[in-house]
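[1] got a sequence here, can you model it:
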Amino acid sequence: MKIHLLPDHLVNQIAAGEVVDRPASVVKELVENSLDAGARHVKVTLEQGGRRVIRVSDDGEGMRRDDLALALQRHATSKIASLEDLERVATMGFRGEALPSIASVARLDLASKHASEEHGWVVRARRGELAEAEPSALQEGTRVDVEDLFYNVPARRKFLRTESTEFGLVDQLLRRFALARFDVGFELEHNGKSVSALPPAPTEAEQQRRLQRVMGRDFIEHAIRIDDQRGDLGLHGWVAEPRFNRAQADRQFFFVNGRAVRDRLVAHAVRSAFQDVLYHGRHPAFVLFLELPPQAVDVNVHPQKQEVRFRDGRTVHDFLYASLHRALAGAGAESGSVLGGVAGGGHGGGLGAGALRPGAGLGERGGSPLAGWGAQAGMALPVGEQVSAYASVLGAAPANVFSPTPVSMSEHGGEAAAAPPLGYALAQLHGVYILSQNDQGLVLTDMHAAHERITYERLKQRHADGAIASQRLLVPLELRVSEAEAELAEELRNELAALGLVVDRSGPENLLLRELPALLARADAAQLVRDVLADLGSDGGTMGRSGRLESVTNEILSTMACHGSVRANRQLTLPEMNALLRDMERTERSGHCNHGRPTWVQLDMATLDRLFLRGR
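    Numbers count the residues shown, from 1 in each chain. Modelled structure (predicted):
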């Protein structure tokens, strides 16, 4: 078969296929051009989901008459002039491909007015042919009209989805732009009807209102503000507490230098930060902005510029993980669930949630005083005087973890001092839940889930310090396992010892457990070892030799914590319950257990009053 050159119109259509595949991609390219032109207001008008008409108008800088025809030539741009410019590009577009690509698969009119000219000009492109520029009544900025998308590529047109689907994709796209550029107003119109109008949001209050419109009120009420800097890397934005999670990853927006991207490295860093606070199969919600020098990221690796490549991916990954991990840890006991009313963690409905200070009460953080507390304050018992009883049931804790928190009554029987965040224990329900009273109302705590998180965080900290204390068994425990598990235990003997498990192989299918972590002294030792070996086996036995070392270690520590936690139907005294609650308030991520389940919920007084029809 003889090799031959393709005609220009076919070359343009092939190239357009990489940039333009549906109405949303046309809108993306045109809006990016508007933003690069300094627009402060962008309006998108669609008919039939963009199949019939796409119009993007802005109030940006505009173009001179001589530049209009040139803008429709392939690889003509004002944004870069050299390889050095390409390596540090800071604009949304830079290739000079968008307009000619669109013009090759649709009927396009390009109108613009530059401030230096008396009136605007318009050029029309039909089937790759440009007409002479004509005067236009346009008063400012640029307007691009795209009609009959893919009219000359029937095969591509048949692949378009329904009108509602294509419109929905454009709507989602503009939501991303609205989050990326709070300083710009965005307007969307479809089939002659106004769908949304977002004015510029320069102030923090206006940004919160826009964020609420795009992400929803629930996101605002559970959002943690992030503002972190390390050298040239900066991360700011909002991430929702783990209890606000989604069945789909439809509330995840990540921007690199203002550009919305999808990146596996970023996704892995976020997933790792949420690893042990999010329930299996659920997805976090966030709006995050990563800022770094333009030369540190390559945006020229994807036809539609939706992916990037970091020059130092490991540093970026570690920075993202550390920033998110600190933010989630700082939420502390504030991350429990709230039923019907003000957030139990004291968010006050605003953005952001700081770490709970030891002994800080919910009332100090914006909560309303609990009606009738003074009459029942006598039920609250001081914490700290019976820590040994708590330790004997739940495992030893550092002596300075618990501080006495007595309830002080006034001489005339007035109101009690503000209760701690999780309140004072009242009773135990069915041997599973702790009922406690705080300034907001009633708190229900799952004692196993709570203690599991406490034990897990202690194990992680002691493992990081290289100090997981082990306890020697008076009589070594013999275990029968599979030959593969015995070989795995023998191979990873040192790694298991670092976790407080000293295991020797005593036969082809036999192990001897000589020591186990002191924190887990009351656990079912045989089942603990089997579950740890199962975790190692599921990882292919690569612990210590793969990049997943920390992840695998945490999975094992999570399993160990589950075995070492207080079980259901274990009766606790009031001092023991109070000690557990105080320990939760001082533990990172205590709003969720290691598997992502909530550890406590709040029933505020307003909800309780509604249940009993009070105040009606």
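
[2] just give me how far stretch 451-469 sits from the chain centre.
    Taking Cα atoms, centre = their mean, to the nearest Å, one finds stretch 451-469 lying 25 Å from the centre of the chain it belongs to.

[3] likewise for stretch 39-46?
    29 Å.

[4] list the buried residues of it.
    39, 41-46 (16 or more other Cβ atoms under 10 Å). Bear in mind the C-beta positions are built from the backbone N, C-alpha and C, glycine included.

[5] tell me the buried residues in stretch 44-56?
    So for stretch 44-56, counting by 16+ other Cβ under 10 Å, buried means 44-47, 49-51, 53-56.

[6] could you do stretch 173-192 as well?
    So, applying 16+ other Cβ under 10 Å, buried residues of stretch 173-192: 173-182, 184-190.

[7] and that stretch, average pLDDT?
    For stretch 173-192, mean pLDDT rounds to 97.

[8] before we move on, what about stretch 279-294?
    On average, stretch 279-294 scores 92.

[9] now that stretch: how far from the chain's centre is it?
    Per Cα atoms, centre = their mean, the centroid offset for stretch 279-294 relative to its chain is 4 Å.

[10] okay, now the nearest residue to Phe244 once chain neighbours are set aside: neighbour count?
    On the basis of Cβ to Cβ, 6 or more residues apart in numbering, the spatially nearest residue to Phe244 that is not a chain neighbour turns out to be His222, at 3.8 Å. Around His222 there are 25 other residues, counting by other Cβ atoms under 10 Å.

[11] I'd say His222 and Arg243 touch.
    Yes. The criterion here is Cβ atoms under 8 Å, and His222 meets it with Arg243 at 6.7 Å.

[12] for Arg480, which residues make a bridge with it?
    Applying DSSP bridges to Arg480 yields these beta-bridge partners: Asn510.

[13] how near is it to Pro598?
    Distance, Arg480 to Pro598, using Cβ to Cβ, to the nearest Å: 38 Å.

[14] and if you look at Ala285?
    From Ala285 to Pro598 the distance is 16 Å (Cβ to Cβ).

[15] out of Arg480 and Pro598, which sits in the more crowded spot?
    In this view Arg480 and Pro598 are compared by other Cβ under 10 Å, and Pro598 has more residues nearby, 21 against 12.

[16] how far away is that one from Phe274?
    14 Å.

[17] about what we covered before: out of the buried residues of stretch 39-46, which are inside strands?
    Taking DSSP state E, the ones among these that sit in strands are 41-46.

[18] in the protein, what helix or strand scores lowest on average pLDDT?
    The least trusted helix or strand in the chain, going by mean pLDDT, DSSP states H and E, turns out to be helix 373-376, with a mean of 32.

[19] tell me which element Ala484 falls in.
    Following DSSP states H and E, one finds Ala484 within helix 483-491.

[20] so where's the stretch 1-150 of the chain uncertain?
    Within the stretch 1-150 of the chain, the stretches with pLDDT under 70 are 8-9, 12-18, 80-81, 85-89, 91, 93-96.

[21] quick one, strands of it?
    For the stretch 1-150 of the chain, the strands defined by DSSP state E, counting those that start in this stretch cover 41-47, 53-58, 107-113, 120-126, 129-130, 134-136, 141-147.

[22] for the stretch 451-600 of the chain, same thing?
    470-480, 502-507, 510-517, 600-604.

[23] and the longest one, how far out from the chain middle?
    Spelled out, it's strand 470-480. 43 Å.

[24] tilt between that strand and strand 510-517?
    160 degrees (axes from the mean of the first three to the mean of the last three Cα atoms, to 10 degrees).

[25] in strands only, show me the buried residues of stretch 173-192.
    185-190.

[26] look up how far Asp183 lies from Gln208.
    From Gln208 to Asp183 the distance is 15 Å (Cβ to Cβ).

[27] Ile434 too?
    Distance from Ile434 to Asp183, by Cβ to Cβ: 49 Å.
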